[in-house]
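Student: Mind folding the following:
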Amino acid sequence: MGVLAGRTALVTGAASGIGLAIARHFAAAGARVVLADRDPSVRDRAAGLGAAATVFDASDEAGVEQGVAEATAALGRIDTLVTSHGILTESPVATMPLATWRQTIEVDLTSVFLLCRAVLPGMIERRDGRIVNVASQLAIKGGVGLAHYAAAKAGVVALTKSLALEVSRHGVLVNAIAPGPIETPLVDGISEEWKAAKRSELPLGRFGTVDEVAPTAVLLASSPGGDLYVGQTLGPNSGDVMP
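Tutor: Okay, here's the model as predicted:
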């Protein structure tokens, strides 16, 4: 019996990276999981875990409604949501196209609002729910060439805190994880110069791995381990940010 035995979870961004690692760790901890992503390969990842999958674009309102409905049908209920999807590009503000800004805000922030809104009615009705939003340490410190990403992730942190204030008395606990640089496909679009400079700044001297982040999500989703976390942002970040 794992610490998440009897729990159900929808994990987005689960075709790769942190999302896939969280889905794996949740399943190993006893949860029944639906893996979600806009990449159809998520179905293969789910099959490897003996889990269900749903494919949708989290920045599309109708897609979110459909995906949450499919996950609910597969699980019977969704008592845990993990929003771990996102995009990351590099552009200085002075030359950033508006389309780049808007796409990042839509995918990395608006989608989190849509997903939270979709699962909350059931959680509030049952007086039982956990939401774990994956943000970034850049929400706190910013990053050169990454203002659009940092702004979106700062919005995720603020959304997490505000939502926690709204729903904690209804038995729904909302928290965030703000990883530092992690070795995932998400960072492939960032220049090697940026990554080398970043590594040199870190007290640990290295980027983290997805399996070093996923246990934090398990903690926040578990009971009693996560029972006192309300509106918190936990930071597995190689020492990059020390609040």
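Student: so who does A178 touch?
Tutor: Neighbour list for A178: A135, S136, Q137, A139, I140, K153, V157, T233, L234, G235, N237, V241 [criterion: Cβ atoms under 8 Å, 6 or more residues apart in numbering]. Every C-beta, even on glycine, is put in place using the N, C-alpha and C of the backbone.
Student: Read off the pLDDT value for it.
Tutor: Note on A178: pLDDT of 97.
Student: Over to F26?
Tutor: Looking at F26, the pLDDT reads 98.
Student: what's the strand or helix carrying it in contact with?
Tutor: Here F26, judged by DSSP states H and E, is contained in helix 17-28. For helix 17-28, the surrounding residues in contact (Cβ under 8 Å, 6+ apart) are 2, 4, 7, 9, 11-14, 33, 35, 37, 45-46, 49-51, 80, 82, 84-85, 134, 179, 182, 184-186, 210-211, 213-215, 217-218, 221.
Student: next one: it to chain centre, how far?
Tutor: Remark: helix 17-28 is offset 11 Å from the chain centroid, using Cα atoms, centre = their mean, to the nearest Å.
Student: Same question for stretch 133-145.
Tutor: Centre-to-centre, stretch 133-145 and its host chain are 13 Å apart (Cα atoms, centre = their mean).
Student: hmm, who's touching it?
Tutor: 13, 18-19, 82-84, 86, 90-92, 112, 116, 146, 149-150, 153-154, 156-157, 159-160, 174-180, 194, 217, 233, 235, 237, 240-241, 243.
Student: just stretch 183-196 next, same as before
Tutor: Stretch 183-196 is touched from outside by 16-18, 86-90, 144-145, 181, 207-210, with contacts defined as Cβ under 8 Å, 6+ apart.
Student: re earlier: in helices only, show me the contacts of stretch 133-145.
Tutor: 18-19, 112, 116, 149-150, 153-154, 156-157, 159-160, 194, 217 (DSSP state H).
Student: so V132 is in which element?
Tutor: For V132, the element it lies in under DSSP H and E is strand 129-134.
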